[in-house]
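Asks: Predicted structure and sequence below. I'll ask about it afterward.
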There are 2 protein chains.
Amino acid sequence: MNPEQLFKCLADETRLLSTLLIQAEGELCVCELMEALEDSQPKISRHLAQLRNCGILTDRRDRQWVYYRLHPQLPKWVTDILATTSAAQQGRLKPCLQKLKTMDCRPESCA
Amino acid sequence: MNPEQLFKCLADETRLLSTLLIQAEGELCVCELMEALEDSQPKISRHLAQLRNCGILTDRRDRQWVYYRLHPQLPKWVTDILATTSAAQQGRLKPCLQKLKTMDCRPESCA
DNA sequence: TTTGAATATACGGATATACATATATTCAAA
DNA sequence: TTTGAATATATGTATATCCGTATATTCAAA
């Protein structure tokens, strides 16, 4: 992973916010991100696939849900950049995280 | 300046290395970057213009040379990201800086 | 005021990217 | 074993990006 690759991934709003929300929450599935970002399922899924292919995220399937989390072996400079970016974007992240909290039925809590 | 804009700027090799070299050297003109990156004049100039338009760089003209430097009012999260990236890319920057040092005739030193 | 060096920009073509829509896949419950 | 929910992928289209080439601009020296 070189900086150009990382920055290309983070240069798109959907991918940036998905990454930062996942970083904040530890793990999120596609339907949670659809809710948090108010975006379509194919759009979210496509961008998550790209983040996984670049090595930024990994996924695991649990029943019918696929959970995405940060790749556990990210280099420190990558996690540092994510942390710095997250701190600078708290204002944009907060309402998204709020939407997660008020979701009718999140997979983990009501499956 | 939001992170998507910054990351889009840094997602291109020419713009990334130009920015990091300018950060390392304080100030560089187009012809120095042409030498350091072994790239054409229009290519360097075009990418520097984009970095200036995004607010990452500013320029000043001195005689026939135009010098670019980091914009003096960059937010801290931006300079933090540049510093982190630079530290992670020392291996790629070193040979470029070396080419600068061995340039026949750098504007500042032989005008 | 002409010439040349340094830089900027315009233009056209090739490639990449993002999106909406439609369809496929995977899984669990009925 | 059919159905529906969650997710993934394929396809076509529109737009953005990047590059090389050519040309314009700016400045200083002759």
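Replies: Good, I have the coordinates.

Asks: Quick check: A:Ala88 vs DNA strand D, distance?
Replies: A:Ala88 is 21 Å from DNA strand D, where distance means CB to the nearest atom of the strand, to the nearest Å. Every residue, glycine included, has its C-beta placed from N, CA and C.

Asks: what's near enough to touch the nearest residue to that residue once chain neighbours are set aside?
Replies: Spatial nearest neighbour of A:Ala88, excluding adjacent residues (CB to CB, 6 or more residues apart in numbering or on different chains): B:Trp77 at 3.9 Å. Contacts for B:Trp77 (CB atoms under 8 Å, 6 or more residues apart in numbering or on different chains) come out as A:84-85, A:87-88.

Asks: could you say which helix or strand contains B:Trp77?
Replies: Taking DSSP states H and E as the criterion, B:Trp77 maps to helix B:76-88.

Asks: picking up where we left off before, just the buried ones from the contacts of B:Trp77?
Replies: A:84-85, A:88 (16 or more other CB atoms under 10 Å in any protein chain shown).

Asks: where does chain A come near DNA strand D, residue by residue?
Replies: A:29-31, A:34, A:41-42, A:45-46, A:48-49, A:59, A:64-66, A:107 (CB under 7 Å from any atom of the strand).

Asks: how far does stretch A:38-45 sit from the chain's center?
Replies: Averaging C-alpha positions (CA atoms, centre = their mean, to the nearest Å) puts stretch A:38-45 12 Å from its chain's average.
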